[in-house]
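[1] With the sequence up front, the predicted model follows.
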Amino acid sequence: MTEAGPADEAGFKSGYVALIGQPNAGKSTLLNRLLEYPVAIVAPRPQTTRHRILGIHNGDGFQALWLDTPGVLAPKYRLQEMMRREIGQALRDADVVVLLLDGSRPADWDESLRAVEGRGALVAVNKVDLVHKPELLPMARRLSERGYGSVLMLSALRGDGVRDLEQAVVDSLPAGAPFYPTDMVSDRPERFHVAEMVREAVFNRYGEEIPYSCTVAVEEFKEREGRKDFIRAVVYVERDSQRSIVIGKGGRALKEVGARARGRIERFLGRPVYLELWVKVAEAWRQDERFLRDNVYR
């Protein structure tokens, strides 16, 4: 929670904002829209986000520290249990809680509503551009019956209503000095973001079978003066058959992943890189706590 600081007298506001919601509700898209910077990876599949990702949002008289979180779901294996733990930690750290719901999937709201029960969350319904307008009033009424009097409607993808949510969050922040320099957008190291960008490329290249069974670890990251940075990353999958799919015939599929990821990484770092990708099998890694701690949540 926020401690009051020297900026109190100037009326500055600062605090942590937990962004909670069902899988694929658009939390990462919303965070990137607010920051006007792609700090969180985005893919058209649920469970893309596996960590609490801090996005530092600086504005006139405030610093909002957004905590993007994995989607709320009932855990089925150890990885999902650890993802759920990330949500719990974000809620414990938060000064403000924002519950983002997918307006195109109201039948899936209950688990997320239970997750923030008693927290006085600000509620926003996303993807309203995909919803018929006559359906919005019943949605607002349903949330009102759960105790949420003011419900915001928005489209994170198009930007509609996002500034209204920003203002509601700023109004709810406690007084306090900024926690981070205003030129920072995240507290994560570069190699974390690089691994995430490779994983994003995998999610966006392959079908349903591969993404949930893969994770990425950066084994080497060297800045080389006068030459391209050298990055070696490993894509871990759970079975040999998945390894074959990721590599593809003649290595073509993996080359496509590398090209997609390299472009994204170079834009992020602002300098050229040489990206070397390997694919390894780690059987049942989603259930292996040691592997998860060494390669996913280190």
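    Cool, the structure landed. Numbering: from 1, shown residues only.
[2] Please save the CA atoms from stretch 43-59 in PDB.
    Taking C-alpha atoms only, stretch 43-59 is exported to PDB below (Å, rounded to 0.1, in the frame of the first residue of the first chain):
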ATOM      1  CA  ALA A  43      -2.500 -12.700 -28.200                       C
ATOM      2  CA  PRO A  44      -6.000 -13.700 -29.200                       C
ATOM      3  CA  ARG A  45      -6.100 -16.600 -26.700                       C
ATOM      4  CA  PRO A  46      -6.900 -16.800 -23.000                       C
ATOM      5  CA  GLN A  47      -4.100 -17.200 -20.400                       C
ATOM      6  CA  THR A  48      -1.500 -15.200 -22.300                       C
ATOM      7  CA  THR A  49      -0.500 -13.300 -19.100                       C
ATOM      8  CA  ARG A  50       1.200 -15.400 -16.500                       C
ATOM      9  CA  HIS A  51       2.800 -12.800 -14.300                       C
ATOM     10  CA  ARG A  52       1.900  -9.600 -12.400                       C
ATOM     11  CA  ILE A  53       3.300  -7.000 -14.900                       C
ATOM     12  CA  LEU A  54       3.800  -3.500 -13.500                       C
ATOM     13  CA  GLY A  55       3.000  -0.700 -15.900                       C
ATOM     14  CA  ILE A  56       3.900   2.800 -14.700                       C
ATOM     15  CA  HIS A  57       1.400   5.300 -15.800                       C
ATOM     16  CA  ASN A  58       2.500   8.900 -15.300                       C
ATOM     17  CA  GLY A  59       0.100  11.900 -15.700                       C
END
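[3] Please compute how far it lies from its chain's middle.
    Averaged C-alpha coordinates place stretch 43-59 at 1 Å from its chain's average position (CA atoms, centre = their mean, to the nearest Å).
[4] For that stretch, list every residue counted as buried.
    Within stretch 43-59, the residues scored as buried using 16 or more other CB atoms under 10 Å are 43, 46-58. The way it works is simple: take the backbone N, C-alpha and C, and place the C-beta from them, glycine included.
[5] just those residues now: which is nearest Met139?
    Nearest to Met139, judged by CB to CB, of those is Pro46 at 20.5 Å.
[6] Now the closest one: closest residue in space, sequence neighbours ignored.
    Spatial nearest neighbour of Pro46, chain neighbours left out: Pro23 (3.4 Å); criterion: CB to CB, 6 or more residues apart in numbering.
[7] Please report phi then psi for that neighbour.
    phi -60, psi 140 (degrees, to the nearest 10).
[8] Tell me the spacing between it and Lys127.
    Pro23 sits 13 Å away from Lys127, going by CB to CB, to the nearest Å.
[9] what about Arg146, neighbour count?
    By other CB atoms under 10 Å, 11 other residues sit near Arg146.
[10] Was I right to think it contacts Leu113?
    Yes. Here Arg146 lies in contact with Leu113, judged by CB atoms under 8 Å, at a distance of 6.1 Å.
[11] okay, now the residue nearest to Pro46: neighbour count?
    A count of neighbours around Pro23, defined by other CB under 10 Å, yields 20.
[12] All the helices of this protein, residue numbers only.
    Here the chain has its helices, by DSSP state H, at 27-35, 78-93, 110-115, 136-145, 162-172, 190-205, 240-247, 252-269, 289-295.
[13] Can you check the pLDDT for the residue nearest to Phe203 when sequence neighbours are not counted?
    Nearest residue to Phe203 in three dimensions, chain neighbours excluded: Ala43, at 3.7 Å (CB to CB, 6+ apart). For Ala43, the pLDDT comes out at 77.
[14] Arg33 now?
    You'll see Arg33 listed with a pLDDT of 95.
[15] tell me the contacts of it?
    By CB atoms under 8 Å, 6 or more residues apart in numbering, the contact list for Arg33 reads Ala156, Leu157, Gly159, Val162.
[16] doesn't Asn24 make contact with Pro46?
    Yes. Contact criterion CB under 8 Å: Pro46 and Asn24 qualify, at 4.2 Å.
[17] Find the residues that touch each one of those two.
    Common neighbours of Pro46 and Asn24 (CB under 8 Å, 6+ apart) are Gly71.
[18] so where's this structure uncertain?
    Residue ranges of the chain with pLDDT under 70: 1-10.
[19] so what are the domain limits for it?
    Domain ranges of the chain: 6-172, 190-295, per automatic domain parsing.
[20] Out of these, which is the most enclosed?
    Neighbour counts (mean count of other CB atoms under 10 Å) averaged over each of the domains of the chain peak at domain 6-172, with a mean of 18.
[21] Touching, the residue nearest to Phe203 and Tyr212? I think so.
    No. Counting by CB under 8 Å, Ala43 stays clear of Tyr212, with 11.1 Å between them.
[22] before we move on, the earlier item: would you turn the helices of the chain into a markdown table with distance to Val234?
    Converted to a markdown table, these look like this (distance: least, CB to CB, whole Å):
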| stretch | distance to Val234 |
| --- | --- |
| helix 27-35 | 23 |
| helix 78-93 | 17 |
| helix 110-115 | 33 |
| helix 136-145 | 43 |
| helix 162-172 | 36 |
| helix 190-205 | 9 |
| helix 240-247 | 11 |
| helix 252-269 | 12 |
| helix 289-295 | 8 |
